[in-house]
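1. Predicted structure and sequence below. I'll ask about it afterward.
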Amino acid sequence: MKTLFELNPALDRAALAKRFAETGRVQVRDVLTQEAAQEILNVLTNETPWGMATGAGDENRQSFPVEAMRTPEGQQEINEAANEAARNSSRGEYGFRFAHYPILTAVQEGLDPGGPHEVLIEHLNAPDFLGLARDVTGIDALVKADGQATLFARNHYLGRHIDSHVAEGWEVAYVLNFAPPDWHPDWGGYLLFLDDDGDVVEGFRPRFNALNLFRVPQSHMVSYVPPFAPVGRMAVTGWLRSQ
């Protein structure tokens, strides 16, 4: 477990900080050592009880635990929520659907004391990771991170939104990617940034062992994963906060 989170010592923090200062976003490739990245991938693949997250507008967000996916009643409820999200999206309104495991909530509720997810959230709040985030973003006020595991499988997506919860201390969003190294553009799952006219101004491929950092609020989305894509666009995501 000691290798669960070990930063790559060769990162060029000055160059990354320059890039972030110019655009408010950056992708940090090979952010962890290979051994650490493989260990987290193993946790996500083999030790994570994936549930489902859906949303139809900002006010109607739902989180379904893995147990709900194992019963006909639960599956029906999830399908109804996913269909509601799709109807929202068809009208050009905010919607999303993806598999997830709410790591911070699970830790707070004591679901797996001492387990790998608890160790992971501790590392995300440790001086090494927060120090990297401060160095790259230039935001010294970053004091803590929340987190969830996310899995974008077939027919999953995250609609365009801006993460406007800055009153809660959200400063920077992060995505720690563990997609397969050969992830193809045709398989979707890209983190896309848009301007006021809806044009894509930049996109980040979900690279294995790559950390995306971007200031919020900022218009962004995760592109739709088509039915022919393989399963495996996994990540640890959340917000770095000043309170």
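-> Everything's here; your move. Residues are numbered from 1 along each chain as shown.
2. CA atoms for contacts and neighbours, from now on please.
-> Fine.
3. I'd like the mean pLDDT over stretch 219-238, please.
-> If you average the pLDDT over stretch 219-238, you get 96.
4. and that stretch, C-alpha only, in PDB?
-> Extracted C-alpha coordinates of stretch 219-238, given in PDB (Å, rounded to 0.1, in the frame of the first residue of the first chain):
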ATOM      1  CA  SER A 219     -17.300  25.800 -19.200                       C
ATOM      2  CA  HIS A 220     -16.500  22.100 -19.800                       C
ATOM      3  CA  MET A 221     -18.000  18.700 -20.500                       C
ATOM      4  CA  VAL A 222     -17.000  15.000 -20.900                       C
ATOM      5  CA  SER A 223     -17.900  13.800 -24.400                       C
ATOM      6  CA  TYR A 224     -20.300  10.900 -25.000                       C
ATOM      7  CA  VAL A 225     -18.900   7.400 -24.900                       C
ATOM      8  CA  PRO A 226     -20.400   5.500 -27.800                       C
ATOM      9  CA  PRO A 227     -21.800   1.900 -27.700                       C
ATOM     10  CA  PHE A 228     -18.700   0.400 -29.400                       C
ATOM     11  CA  ALA A 229     -16.200   1.800 -26.900                       C
ATOM     12  CA  PRO A 230     -14.400  -0.600 -24.500                       C
ATOM     13  CA  VAL A 231     -15.000  -0.300 -20.700                       C
ATOM     14  CA  GLY A 232     -12.200   1.400 -18.900                       C
ATOM     15  CA  ARG A 233     -12.300   5.200 -18.900                       C
ATOM     16  CA  MET A 234     -11.700   5.300 -15.100                       C
ATOM     17  CA  ALA A 235     -10.500   8.300 -13.000                       C
ATOM     18  CA  VAL A 236     -10.400   9.800  -9.600                       C
ATOM     19  CA  THR A 237     -12.100  13.200  -9.800                       C
ATOM     20  CA  GLY A 238     -13.000  16.100  -7.500                       C
END
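5. By neighbour count, which bits of it are buried? Give me those.
-> Counting neighbours by 16 or more other C-alpha atoms under 10 Å, one finds that the buried residues in stretch 219-238 are 219-226, 229, 232-238.
6. Can you get me the centre-to-centre distance for that stretch and its chain?
-> Relative to the centre of its chain, stretch 219-238 is centred 9 Å away, using C-alpha atoms, centre = their mean, to the nearest Å.
7. could we number from 562 for the rest of this?
-> Will do, 562 is the new start, and the previous item becomes stretch 780-799.
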